[in-house]
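Student: Fold the following, please.
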Amino acid sequence: MSWYMLAGITEAEKRITARFIPDTFLPNSDCPVLVVTVVEPIDRLAATQAFEVFRESLLVDYSATPVSFSAMSDGDWEERTVQGSAVEIAHEPYAVDELLGIARDLASLFDNETDRNLAMARKMESIEHFVLDLIARAETKKSLSSKAAPTLESQLDVLNRVLNRIKSD
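Tutor: Okay, the predicted model is just below:
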């Protein structure tokens, strides 16, 4: 069972309909959207408030009878029940505005990840240049002093292993 986010609530004279979209995009599902319609809710305000909770938290589990709908949120793990003269549960395809919202969210995630990867690449390049500079300094010192050669040789060995590790990752 998927977790769902509230996509919207519509209220008509005798019914309240809540649309829930999965928390992850399901491109291969024909009807991933959960639609809950409460006909003639017993307490209209309480029903609306029960659905509104899912604007801030995810619907993680639900059950329905012909006259009630109960759902659990991940925010407080408290079950919320809405009752009416009838409850209808349906699964529908994504609406156009839902797909546009998903596309915007995915584009934003992609942009953020790209920025993060570019920053990481710049950081790795800076570290690589730093290690190359340390290698050059150690080689210069080694060529100037035969006394320090064994110590500098071991330093060069470690620095070259570090540089190889940076380049391999």
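Student: what's the helix or strand for the closest residue to residue 153 other than its chain neighbours?
Tutor: Nearest residue to residue 153 in three dimensions, chain neighbours excluded: residue 142, at 6.9 Å (CB to CB, 6 or more residues apart in numbering). Yep, even glycine has a C-beta here, placed from its N, CA and C like the rest. Secondary structure from DSSP states H and E places residue 142 in helix 96-144.
Student: roughly how far is that helix from the heart of the chain?
Tutor: 21 Å (CA atoms, centre = their mean, to the nearest Å).
Student: likewise stretch 34-41?
Tutor: 28 Å.
Student: got it, and stretch 54-69?
Tutor: 22 Å.
Student: Can you dump the C-alpha atoms of that stretch in PDB for me?
Tutor: What follows is stretch 54-69, C-alpha atoms only, in PDB (Å, rounded to 0.1, in the frame of the first residue of the first chain):
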ATOM      1  CA  PHE A  54      -3.300  15.300   5.400                       C
ATOM      2  CA  ARG A  55      -2.000  18.700   4.000                       C
ATOM      3  CA  GLU A  56       0.800  18.500   6.600                       C
ATOM      4  CA  SER A  57       1.300  14.800   7.000                       C
ATOM      5  CA  LEU A  58       0.900  11.600   4.900                       C
ATOM      6  CA  LEU A  59      -1.900   9.200   4.800                       C
ATOM      7  CA  VAL A  60      -0.200   6.000   5.700                       C
ATOM      8  CA  ASP A  61      -3.100   3.600   6.200                       C
ATOM      9  CA  TYR A  62      -6.900   3.600   5.600                       C
ATOM     10  CA  SER A  63     -10.000   1.500   5.800                       C
ATOM     11  CA  ALA A  64     -13.500   2.100   4.700                       C
ATOM     12  CA  THR A  65     -17.000   0.800   5.300                       C
ATOM     13  CA  PRO A  66     -20.100   1.700   3.300                       C
ATOM     14  CA  VAL A  67     -20.700   4.700   5.700                       C
ATOM     15  CA  SER A  68     -17.200   5.600   7.100                       C
ATOM     16  CA  PHE A  69     -13.600   6.300   6.100                       C
END
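Student: what is the rounded mean pLDDT of that stretch?
Tutor: Mean pLDDT, computed over stretch 54-69, is 93.
Student: Which positions in it come out as buried?
Tutor: 54, 57, 58, 59, 60, 62, 69 (16 or more other CB atoms under 10 Å).
Student: List the single closest residue to the first one in space, sequence neighbours excluded.
Tutor: For residue 54, ignoring the flanking residues on the chain, the nearest one in space by CB to CB, 6+ apart is residue 6 at 3.8 Å.
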